[in-house]
Structure formats: C-alpha cells, structure tokens
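**Student:** Below are the sequence and a predicted model for it; my questions follow.
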Amino acid sequence: MHVQEWLDTVPAAAVYAVVGLVIGLESLGIPLPGEIILVSAALLSSQHAGVNPVVLGAVASAGAVIGDSIGYAIGRKGGRPLLAWLGRKFPKHFGEGHIATAERSFEKWGMWAVFFGRFIALLRIFAGPLAGVLHMPYWKFLIANVLGGIVWAGGTTAVIYYVGVVAESWLKRFSYLGLVAAVLIGLTSFLVIRRKAKKAQAAQQEAEPVPAGE
C-alpha cells in the first residue's frame, strides 16, 4: 500500500520509468521487488486515468526482456566468478543452495526454466545471469525471455487492472456491505488465529518434559 500511495504522487511518466527500471534491474540479477512494483502500478492504473495499463504492460515487458538480456551477457562474460561475487554481495539470494537449485532447474528444463522462471521470484533474479553462465544458446534464451517477459509482465498488468476495476465498481455499489463484510472477515480471522495459537501453546507446554526435581 505504501508503494501504491507513493506511485500515486508522481506523474504517469515517472510511474512507467520506475516500473521499467525496477523490473529491468531485478531481471538483470539485482534482488529488487519488481513484482510488488508492477502489481501496485497496475492497481493504480485501474484507479488513475493518467496511467495507461497498455503502456504500463509494454514498459514492464520491455524492462523484463532488456534486463534479462543484459543479465545474460554479463553472466556469459563473467562466468562462475560472477556467481561467487553475487553470493558474497547478496548471500540471502545468491547463496550456494539457491544457485544449486536454480542450476538444476536450468539443466532439467532449459528454455522452460527461463520462461516459467518469470513467475518464480528466485528464478526471476537468476534467469538471465545463470543462462549466460551455463552458455545457453542465445536464440533459445531470447525466445523464452521475450515470451516469458510478455506473458508475465503483460498478463500480470491485465489481470490486476481488471480486478481493480471490478473491485472498485463493486465497492461503489455495495460500500457499506463491503465494509461490514471486511470487518466480519477480519474479526473472524483474528479469533480463529488466536484460538489456534492458544491450542499450539497449550500443546507445547504439555509436551515439555517435567524436571526430575519437581
């Protein structure tokens, strides 16, 4: 919500630039919240006449494709020393375990790993550089990269945009009903979670061994 509120304060051109830049940098291999930015901007476009969802989807797709292509070139040139360097800089994202998991996915699925990697946060960061490190033929990478970027970025923008339009229309018609329903759902969820937490705590206390001196 904070991201969307901030995007709402800047001009439409800046929204496009931020979305394209963040997604491009994430696809290049820098761990950034590209998906959060895209979803927030797409939701904003459903409520803000100045932000065109078609332009937004096109910019997001271009950022994804270009970022991945640059990441591929860097990975092909840098090789495994690049992965080691990234592991030192971003241990939570480029640790040895994550690299091994991503590498197995690429070896097993090839082009499909690049395509479907768009929809998985870990592979979305790894896809470009790792494909370059593993010397995947560029024409295969490019096809999967372009198709994956368009489907992920364009599809996410379209889905979130239409969900936002429908939700806004529904809330305008049933604003009080929606408010009451939201309050009831929130209260019920809170009570259920609190009850489960109490049960889990009681079970843990029962399972704890009693000291011999007691």
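**Tutor:** Received the coordinates, thanks.

**Student:** Quick one: residues in contact with the helix or strand where residue 18 lies.
**Tutor:** In the assignment (DSSP states H and E), residue 18 maps to helix 12-28. Defining contact as C-beta atoms under 8 Å, 6 or more residues apart in numbering, one finds that helix 12-28 is touched by 7, 10, 32-34, 37-38, 41, 44, 48, 50-52, 55-56, 59-60, 62-68, 70-71, 74, 124-125, 127-129, 149, 153. The way it works is simple: take the backbone N, C-alpha and C, and place the C-beta from them, glycine included.

**Student:** Inside strands: which ones of those?
**Tutor:** Judged by DSSP state E, the subset of these located in strands is empty.

**Student:** buried subset of those residues?
**Tutor:** Buried subset of those (neighbour count, 16 or more other C-beta atoms under 10 Å): 7, 32, 34, 37-38, 41, 44, 48, 51, 56, 59-60, 62-68, 70-71, 74, 124-125, 127-129, 149, 153.

**Student:** count of residues packed around residue 114?
**Tutor:** By other C-beta atoms under 10 Å, the residues close to residue 114 number 30.

**Student:** That one in helix, strand or coil?
**Tutor:** Under DSSP: H, G, I helix; E, B strand; the rest coil, the three-state class of residue 114 is helix.

**Student:** you'd agree residue 114 is up against residue 146?
**Tutor:** No. Counting by C-beta atoms under 8 Å, residue 114 sits too far from residue 146 to count as a contact (10.0 Å).

**Student:** Next one, pLDDT for the closest residue to residue 32 other than its chain neighbours please.
**Tutor:** The shortest distance from residue 32 to any non-neighbouring residue, by C-beta to C-beta, 6 or more residues apart in numbering, is to residue 26 (4.4 Å). At residue 26 the predicted local distance difference test score is 88.

**Student:** Begin at 42 from now on, thanks
**Tutor:** Yes, from this point I'll number from 42; that puts the last item at residue 67.

**Student:** who's in contact with the residue nearest to residue 169 when sequence neighbours are not counted?
**Tutor:** Setting aside the residues directly before and after it, residue 169 is nearest to residue 112 in space (C-beta to C-beta, 6+ apart), at 2.5 Å. With contact set as C-beta under 8 Å, 6+ apart, residue 112 has these partners: 68-70, 168-170, 173.

**Student:** Tabulate those (CSV), appending distance to residue 159.
**Tutor:** Written out in CSV, the entries for those read as follows (distance: C-beta to C-beta, whole Å):
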residue, distance to residue 159
68, 9
69, 14
70, 14
168, 7
169, 11
170, 15
173, 17
